[in-house]
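Novice: predicted model follows, preceded by the sequence.
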Amino acid sequence: MTITSLASNEISVRLGNAPIGAEIVGVDLAQDIDAGVIEKIKEAYYRHSVVYFRNQQLTPEQQVRFSRRFGELEIHVLKDYLLPGYPEILVLSNIVEDGKPVGLADAGRVAVWHTDMSYLKEPSAGSALYSLEVPHSAAGGSLGDTMFASTAAAYDALPEDMKRKLAGLKAVHHMTKGYDNDATASSSRITYSDEQRRQVPDVAHPVIRTHPVTGRKCIYINQLCVTGIVDMPDEESAPLLEALYGHCTRPEFVYRHRWRVGDLLMWDNCSVQHLAVQDYALPQRRRMHRTTIKGFVPF
Ligand code: OGA
Ligand code: MN
């Protein structure tokens, strides 16, 4: 592990072995953080794609205030899981109280690599997840990890002829693909109404997109939402997409986050895919508060 001090008695950034993922130390996110420190956090966020802060104690207001420093916040389409009084906070949880789920269980349950809301014309730019309850095994180790894969490192590692082949292609993203095709979907899973489906028609995004801040090229397709490639027959696109999914999530591009209560972790939706590891069940409880930063049209 290396430690880069950005400035004495300010924040420091600790890197692990993965090409993404860094711990930021020395910040209390409950405070109204000054602009200079926010700039340093942003620098680390864009450079490392996933950053996390341990041992935080945040009220919903404080999480919303901190998240807003990164842009306007999104209000999720699934209104049932917004924290009462705080529409900017989406509750992710497997907990059921009085017969009602307290949060969206699927975000932690969809065992498929994805980027969030890629089906929107303007997919979200990133998210911040704050952990309130983390499940544990009988032996005491944490469960319910989240994995992140660098789509920028994956792009860089593509052979040149593949980079040329993908340049200019667009993929079609469909909001409910992951649900429509899931034969194991149970009644406890979320369903989208016809009206919600109509509000979010399919959209085409570049297969290779450019990060608006770093300028890095990123592979932007994901198994949860992509149904095909524009102007390419399925027989050709299906094996190409499969190969890309496998490539993007090769172990050398992956950072695996082991949660502790009080972590605030942010990820960049352009330069990573993520996957919630589904290795726990009630009575092991998991509860997280997510804020989501609005995005822009990918290019
Ligand atoms: C999400 C998500 C992963 C997790 O919030 O979009 O996929 O581990 N969460 O909860
Ligand atoms: Mn997600």
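Specialist: Perfect, I can see it now. Ligands and ions are numbered 1, 2, ... in the order given.

Novice: the stretch 151-299 of the chain: helices as residue ranges?
Specialist: 151-156, 160-166, 177-180, 194-199, 234-248 (DSSP state H, counting those that start in this stretch).

Novice: now, of those, which is deepest in the fold?
Specialist: helix 151-156 (a mean of 22; mean count of other Cβ atoms under 10 Å). Quick note: C-beta positions are derived from backbone N, CA and C, even for glycine.

Novice: centre of the chain versus it, how much separation?
Specialist: Computed by Cα atoms, centre = their mean, to the nearest Å, the chain-centroid distance of helix 151-156 equals 16 Å.

Novice: what is that helix packed up against?
Specialist: strand 217-219, helix 234-248 (3 or more Cβ pairs under 8 Å, 6 or more residues apart in numbering; DSSP states H and E).

Novice: flag the shaky bits of the stretch 1-150 of the chain, pLDDT-wise.
Specialist: Where the stretch 1-150 of the chain drops to pLDDT under 70, the residues are 1-9, 107-110.

Novice: in it, what residue lies closest to ligand 1?
Specialist: Nearest residue of the stretch 1-150 of the chain to ligand 1, counting by Cβ to the nearest ligand atom: Thr146, 3.6 Å away.

Novice: not counting its neighbours along the chain, what's nearest that residue?
Specialist: His257 (4.9 Å; Cβ to Cβ, 6 or more residues apart in numbering).

Novice: what does Ala167 give?
Specialist: Counting by Cβ to Cβ, 6+ apart, Ala167 lies nearest to Ile208, which is 6.2 Å off, once chain neighbours are set aside.

Novice: circling back: same list (the helices and strands packed on helix 151-156) but as JSON lines, adding distance to ligand 1.
Specialist: Below are those laid out as JSON lines (distance: least, Cβ to the nearest ligand atom, whole Å):
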{"stretch": "strand 217-219", "distance to ligand 1": "17"}
{"stretch": "helix 234-248", "distance to ligand 1": "16"}
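
Novice: count the residues that sit near Ala204.
Specialist: 17 (other Cβ atoms under 10 Å).

Novice: got the confidence number for it?
Specialist: Model confidence at Ala204, given as pLDDT, is 97.

Novice: what residues are bridge-paired with it?
Specialist: Counting by DSSP bridges, Ala204 is bridged to Val172.

Novice: hmm, it is touching Met232, no?
Specialist: No. Counting by Cβ atoms under 8 Å, Ala204 does not reach Met232; the two are 11.6 Å apart.
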